[in-house]
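*Asks:* Just need the structure, nothing else, for what follows:
(one chain, ligands or ions: 1)
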Amino acid sequence: APAAGPAGTAADGIRRAAVRVLAAGWHGAHTVPSRGLYPHQWSWDSAFIAIGNARWAPRRARLELATLFGAQWADGRVPHIVFDPAVPADAYFPGPDFWAARAPSGAATSGIVQPPVHALAARLVHAADPCPAFLRRIYPRLVAQQEFLRAARRTPDGLLVIVHPWESGMDNSPAWDGPLAAVAAEPLGAARRDLAHVAAGERPTDRDYGRYIALARAYRDTGYRRAGAFAVADPLFNALYAAAESALAEIAAECGHDPGPHRREAARATAAMVGHLYQDGLFHARDARTGRPLHSGSAAGLIPLILPGLPPEIAAELTRAALDRFGVAGGTLPSLAPGSPGFDRARYWRGPSWINLSWLLWRGLRHRAPEAADALAGGMLAAVARSGMREYFDPVTLAGHGCHDFAWTAALVLDVLA
Ligand code: 2M8
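*Replies:* Residues are numbered from 1 along each chain as shown. Sure thing, here's the model as predicted:
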């Protein structure tokens with residue numbers, strides 16, 4: 001734990017280490033998640049990174065979001081990767097040649113999306129360092145991002161679907177094992193680059209990759225209009241969408257627009273989630289193709305706690321699940337409830353603790369269960385004090401896994417310390 005030495009020393013050391021990581025990842029107008037493993041700009045990473053940069057370099061925070069939204073498509077979608085033309089095309093797989101997509105700005109991008117954390121990030125960046133001109137510029141972009149999701153991804157029952165595991169951000173979550181089993185893996189056509197940076201036991205399997213590539217190819221080959229054989233409603237994605245509407249209500253009010261439509265949309269999206277994804281004390285993803293719930297024990301099911309409009313009795317049950325099934329009073333949030341099928345303390349999104357999930361839950365618990373929130377804050381700091389700014393951590397020992405110097409880990413611990 002970061003308790004050694006005179007008061008303040010441990011926190012100062014973490015702060016300095018975090019700023020070092022963020023400074024080293026800065027490429028002039030965006031930050032890479034990791035210099036080796038992820039050498040381009042990633043969508044939801046940039047939102048988390050902006051939240052942390054707002055604490056020490058707010059101009060960078062604003063520029064991070066402006067760069068990402070500079071690669072927004074005409075239909076409003078914010079691509080999950082914006083490729084850096086200065087990086088060799090084969091440094092990351094699948095790279096720009098595979099995706100074969102360009103934004104109106106000319107930037108090479110992927111064609112899928114990631115969880116929409118950006119309106120929340122813009123609101124927090126503005127709160128840390130008010131800049132009305134930034135808010136006015138980004139507001140219509142954030143609205144268009146949400147409009148794309150409503151137009152392209154909304155099912156008749158009011159939920160949003162993701163069409164690729166990469167869109168969830170929790171790529172190899174066991175929640176996707178069932179729906180992915182119906183997808184035929186295809187040859188990759190090039191070598192995986194991730195295994196040059198991280199041990200195979202801490203990454204998705206080759207079979208997972210064969211399916212990821214098949215799904216991405218199918219979507220690509222329709223011009224990113226019709227998805228392949230994967231469509232799921234994910235509680236993390238839907239919760240962040242609804243939270244974005246709440247953030248947009250506040251941004252709209254600041255900019256002199258009517259916040260009412262955003263408030264109503266946040267309430268409607270929250271109600272759809274409660275109506276269709278909630279069961280037995282936890283939110284669960286649902287397979288939109290079969291209508292079946294996907295009971296995996298994923299920590300995604302706790303993230304609706306960030307929603308201010310969640311009915312109090314459901315918030316109380318979710319808090320119970322966080323404590324009893326995920327053990328968050330111990331300070332860590334495993335990405336999968338221990339004991340769930342497929343639980344693995346080292347493999348990527350199948351058990352390890354991730355700082356972005358802990359940070360989201362910390363925010364959701366702060367006003368509802370302050371002691372549990374404090375435990376999570378302490379646990380995030382303990383993890384980086386023990387192992388550095390790693391990508392993910394063993395939820396029991398806090399040993400570090402994945403890449404080193406991972407940007408959102410650094411960014412979000414800076415926010416926790418602010
Ligand atoms: C991971 O995903 C990418 C694909 O998008 C990969 O494995 O190559 C995920 O952890 C995702 O959530 C994250 O945004 C990305 C960059 O940090 O890496």
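*Asks:* For the ligand, give me its nearest residue in the stretch 51-200 of the chain.
*Replies:* G169 (3.6 Å; C-beta to the nearest ligand atom). Placement of C-beta: from N, CA and C, glycine included.
*Asks:* who touches that residue in this structure?
*Replies:* By C-beta atoms under 8 Å, 6 or more residues apart in numbering, G169 lies in contact with W44, Q114, P115, L236, F237, N356.
*Asks:* now for the residues you listed, which pair is the farthest apart?
*Replies:* Farthest-apart pair in those is F237 and N356; separation 13.4 Å (C-beta to C-beta).
*Asks:* Show me which of these two is the more surrounded one.
*Replies:* F237 (28 against 22; other C-beta atoms under 10 Å).
*Asks:* and this structure, which residues reach the ligand?
*Replies:* Within the chain, the positions near the ligand by C-beta under 6 Å from any ligand atom are P33, Y38, W42, W44, D45, H80, W166, G169, D171, D194.
*Asks:* Remind me which helix or strand the fourth one belongs to.
*Replies:* Taking DSSP states H and E as the definition, W44 sits inside helix 43-53.
*Asks:* Of all the residues in that helix, which ones are buried?
*Replies:* Across helix 43-53, burial judged by 16 or more other C-beta atoms under 10 Å covers S43, W44, D45, S46, A47, F48, I49, A50, I51, G52, N53.
*Asks:* what's the answer for stretch 399-411, then?
*Replies:* For stretch 399-411, using 16+ other C-beta under 10 Å, the buried residues are G400, H401, G402, C403, H404, D405, F406, A407, W408, T409, A410, A411.
*Asks:* wait, which of those is closest to D258?
*Replies:* Among the buried residues of stretch 399-411, A411 lies closest to D258 (C-beta to C-beta), at 32.1 Å.
*Asks:* show me the contacts for the closest residue to the closest one other than its chain neighbours.
*Replies:* Using C-beta to C-beta, 6 or more residues apart in numbering and skipping the chain neighbours, the partner closest in space to A411 is G52 (2.4 Å). The contact partners of G52, taken as C-beta under 8 Å, 6+ apart, are A18, L22, A61, W408, A410, A411, L412, V413, L414, D415.
*Asks:* State the distance from the first one to L417.
*Replies:* Between A18 and L417 the distance is 8 Å, computed by C-beta to C-beta, to the nearest Å.
*Asks:* The buried residues of stretch 399-411 in helices, which ones?
*Replies:* Mapping the buried residues of stretch 399-411 onto helices (DSSP state H) picks out A407, W408, T409, A410, A411.
*Asks:* of all the buried residues of stretch 399-411, which two lie farthest apart?
*Replies:* The largest separation in the buried residues of stretch 399-411, counting by C-beta to C-beta, is between H401 and A411 at 18.6 Å.
*Asks:* circling back: what about A18 and L417, which has more around it?
*Replies:* Neighbour count, other C-beta under 10 Å: between A18 and L417, A18 has more, with 25 against 17.
*Asks:* what angle separates the helix or strand that one falls within from helix 43-53?
*Replies:* Using DSSP H and E, A18 sits in helix 9-25. Interaxial angle, helix 9-25 versus helix 43-53 (axes from the mean of the first three to the mean of the last three C-alpha atoms, to 10 degrees): 130 degrees.
*Asks:* residues of helix 9-25 that come out buried?
*Replies:* Taking 16+ other C-beta under 10 Å as the criterion, helix 9-25 shows A10, I14, R15, A17, A18, V19, V21, L22, G25 as buried.
*Asks:* Leaving out the residues flanking it, which one is nearest to the fourth one?
*Replies:* Excluding its sequence neighbours, the residue lying closest to A17 (C-beta to C-beta, 6+ apart) is M389, at 6.5 Å.
*Asks:* Now do the same for that neighbour: helix, strand or coil?
*Replies:* Under DSSP: H, G, I helix; E, B strand; the rest coil, M389 falls in the coil class.
*Asks:* so who does A266 touch?
*Replies:* A242, A243, E245, S246, A249, L307, G309.
*Asks:* Among those residues, which are located in helices?
*Replies:* Per DSSP H, the contacts of A266 map to helices at A242, A243, E245, S246, A249.
*Asks:* Let me know the closest of those to the ligand.
*Replies:* A243 (17.1 Å).
*Asks:* Run through the strands of this structure in chain order.
*Replies:* 41-42, 81-82, 101-102, 108-109, 232-233, 278-279, 282-283, 285-287, 293-294, 392-393, 400-401 (DSSP state E).
*Asks:* correct me, but L180 touches Y209?
*Replies:* No. Contact criterion C-beta atoms under 8 Å: L180 and Y209 do not qualify, at 11.1 Å.
*Asks:* related to what we said a few turns ago, tabulate the ones in helices among the buried residues of stretch 399-411 (a markdown table), appending pLDDT.
*Replies:* Formatted as a markdown table, these follow (pLDDT from 0 to 100):
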| residue | pLDDT |
| --- | --- |
| A407 | 99 |
| W408 | 98 |
| T409 | 99 |
| A410 | 98 |
| A411 | 99 |
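*Asks:* export these to TSV and tack on distance to A369?
*Replies:* As requested, these are exported to TSV (distance: C-beta to C-beta, whole Å):
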residue	distance to A369
A407	29
W408	24
T409	24
A410	26
A411	24
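*Asks:* Pick the one among those residues closest to A200.
*Replies:* Among those, and counting by C-beta to C-beta, the member closest to A200 is T409, at 21.7 Å.
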